[in-house]
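K.L.:
Dropping the sequence and predicted coords here.
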Amino acid sequence: MTTNTPVLAIEGLTKHYGGVRALTDAQFQLMPGEHAAIVGDNGAGKSTFVRLITGVEQPNKGNIVLDGQSVEFDSPLDARDQGIETVYQNLALAEDLDVPANIFLGREITRLNLGPLSFLNHGEMRKQSVEMLKTTGVKIQDLSESMRGMSGGQRQCVAIARAAGFATKLIILDEPTAALGVQETARVEDIIRGLKQRGVPLIIISHNLRQVFDLVDRIWVFRQGRIICSRRTVETNPEEIVGLITGAIDPASLTSQEVVAC
Ligand SMILES: Nc1ncnc2c1ncn2[C@@H]1O[C@H](COP(=O)(O)OP(=O)(O)OP(=O)(O)O)[C@@H](O)[C@H]1O
Ligand SMILES: [Mg+2]
């Protein structure tokens, strides 16, 4: 494995639901440390793609190659075990639990593991939570507060800190700021910039082109169930991306070598 080995390479990924061609022959690559955006109109296949690469659903065809190794995910836990952390739009946080309990939800640290008689190591989980939040640049005043009392932005920050704390390969964010206000959006974007500085590879699905152009290195355009091209952010502009999304621009008409026409 070299630094030229993609963290994630997707080859010919296909998913059909009966007669609905949700995703056909998708090719995609994410390089080490790279931040990529997935854009496209409603129904273009973005969520289907994410469900396939995070083990929520299985493809009809195609390969998922992680750090040079071909992998198959039977479940989201499988993908998580392989170092892929996902923050879904409907955050999987438990309302009545505090921050450390949410961060360690499903991977609790125990002091004494006697099967049903296990004792949780609250001190250690709290210590590691403080560390994770600090590394990710998330400021939460009172860790013992339950999620119920937190704003949408704070919740999103906790979810991203959790993903960043456990991801060994890459983080996927599905519309992380769709429901947030201006200030909260700015905070989440700062956290994403911090992940970039730390070299954590990331894929973000977003309809917000301002955000996409501010944050990522490369933009992948989905259209009618296909990945029609990818463009380096510095070599394109919002008008071109809108044209590709809507079909007004034919990817074959773009001459840059950076275009991957599928
Ligand atoms: N479980 C399913 N059964 C049947 N059709 C589905 C299923 N999931 C998705 N589809 C269809 O597959 C296509 C791609 O859907 P997908 O949800 O991936 O789009 P999307 O790009 O995420 O759109 P949006 O921006 O609206 O979230 C759509 O036509 C959708 O109706
Ligand atoms: Mg979707």
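P.N.:
Nice, thanks for sending it over. For clarity, every value in this text was computed on a predicted model and none was experimentally measured. Numbering: from 1, shown residues only. Ligands and ions are numbered 1, 2, ... in the order given.
K.L.:
buried set for stretch 107-124?
P.N.:
For stretch 107-124, a neighbour-count test (16 or more other C-beta atoms under 10 Å) marks Asn121 as buried. For the C-beta atoms, the positions are set from N, CA and C on the backbone; glycine is no exception.
K.L.:
mean confidence for it?
P.N.:
The pLDDT scores in stretch 107-124 average 82.
K.L.:
Write out the residues of the stretch 1-150 of the chain neighbouring ligand 1.
P.N.:
Tyr17, Val20, Ala22, Gly40, Asn42, Gly43, Ala44, Gly45, Lys46, Ser47, Thr48 (C-beta under 6 Å from any ligand atom).
K.L.:
from those, which two are the most distant?
P.N.:
Tyr17 and Gly40 (17.5 Å; C-beta to C-beta).
K.L.:
any chance you could map the helices in the protein?
P.N.:
46-53, 76-81, 99-103, 122-136, 152-166, 182-197, 209-215, 238-246 (DSSP state H).
K.L.:
just flag whichever of the ones you listed has the lowest average confidence.
P.N.:
Across these, the lowest-scoring stretch is helix 152-166, with a mean of 86.
K.L.:
circling back: can I get the residues of the stretch 1-150 of the chain next to ligand 1 in CSV with neighbour count?
P.N.:
Converted to CSV, those look like this (neighbours: other C-beta atoms under 10 Å):
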residue, neighbour count
Tyr17, 11
Val20, 11
Ala22, 20
Gly40, 23
Asn42, 7
Gly43, 14
Ala44, 22
Gly45, 24
Lys46, 23
Ser47, 20
Thr48, 25
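K.L.:
how close does the nearest residue to Val99 once chain neighbours are set aside sit to ligand 1?
P.N.:
Excluding the flanking residues, the one nearest Val99 by C-beta to C-beta, 6 or more residues apart in numbering is Leu143, at 4.5 Å. To ligand 1, Leu143 is 33 Å away according to C-beta to the nearest ligand atom, to the nearest Å.
K.L.:
Tell me how many other residues crowd Leu143.
P.N.:
15 (other C-beta atoms under 10 Å).
K.L.:
need the contact list for it.
P.N.:
If you count contacts by C-beta atoms under 8 Å, 6 or more residues apart in numbering, Leu143 has them with Asp98, Val99, Pro100, Arg126, Ser129, Val130.
K.L.:
Can you tell me which of those residues comes closest to ligand 1?
P.N.:
Ranked by distance to ligand 1 (C-beta to the nearest ligand atom), those are led by Val99 at 28.9 Å.
K.L.:
roughly how far apart are the closest residue to Pro251 other than its chain neighbours and ligand 1?
P.N.:
Closest residue to Pro251 apart from its sequence neighbours, by C-beta to C-beta, 6+ apart: Cys229 at 4.0 Å. From Cys229 across to ligand 1, the span is 16 Å (C-beta to the nearest ligand atom).
K.L.:
any idea how far Ile241 is from Cys229?
P.N.:
10 Å (C-beta to C-beta, to the nearest Å).
K.L.:
Identify the contacts common to these two.
P.N.:
Val221.
K.L.:
what distance separates the start and the end of stretch 64-76?
P.N.:
14 Å (C-alpha to C-alpha, to the nearest Å).
K.L.:
Touching that stretch from outside, list them.
P.N.:
Here stretch 64-76 has contacts from 1, 5-11, 13, 52-56, 58, 63, 78-79, 82-84, 86, 169, using C-beta under 8 Å, 6+ apart.
K.L.:
who's in contact with Ile109?
P.N.:
Leu120, Asn121, Glu124, Met125, Gln128.
K.L.:
would you list these in CSV and tack on distance to Gln156?
P.N.:
Conversion of the contacts of Ile109 to CSV gives the following (distance: C-beta to C-beta, whole Å):
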residue, distance to Gln156
Leu120, 25
Asn121, 27
Glu124, 25
Met125, 21
Gln128, 20
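K.L.:
Mind listing what's buried along stretch 148-156?
P.N.:
In stretch 148-156, counting by 16+ other C-beta under 10 Å, buried: Met150, Gly153, Gln154, Arg155, Gln156.
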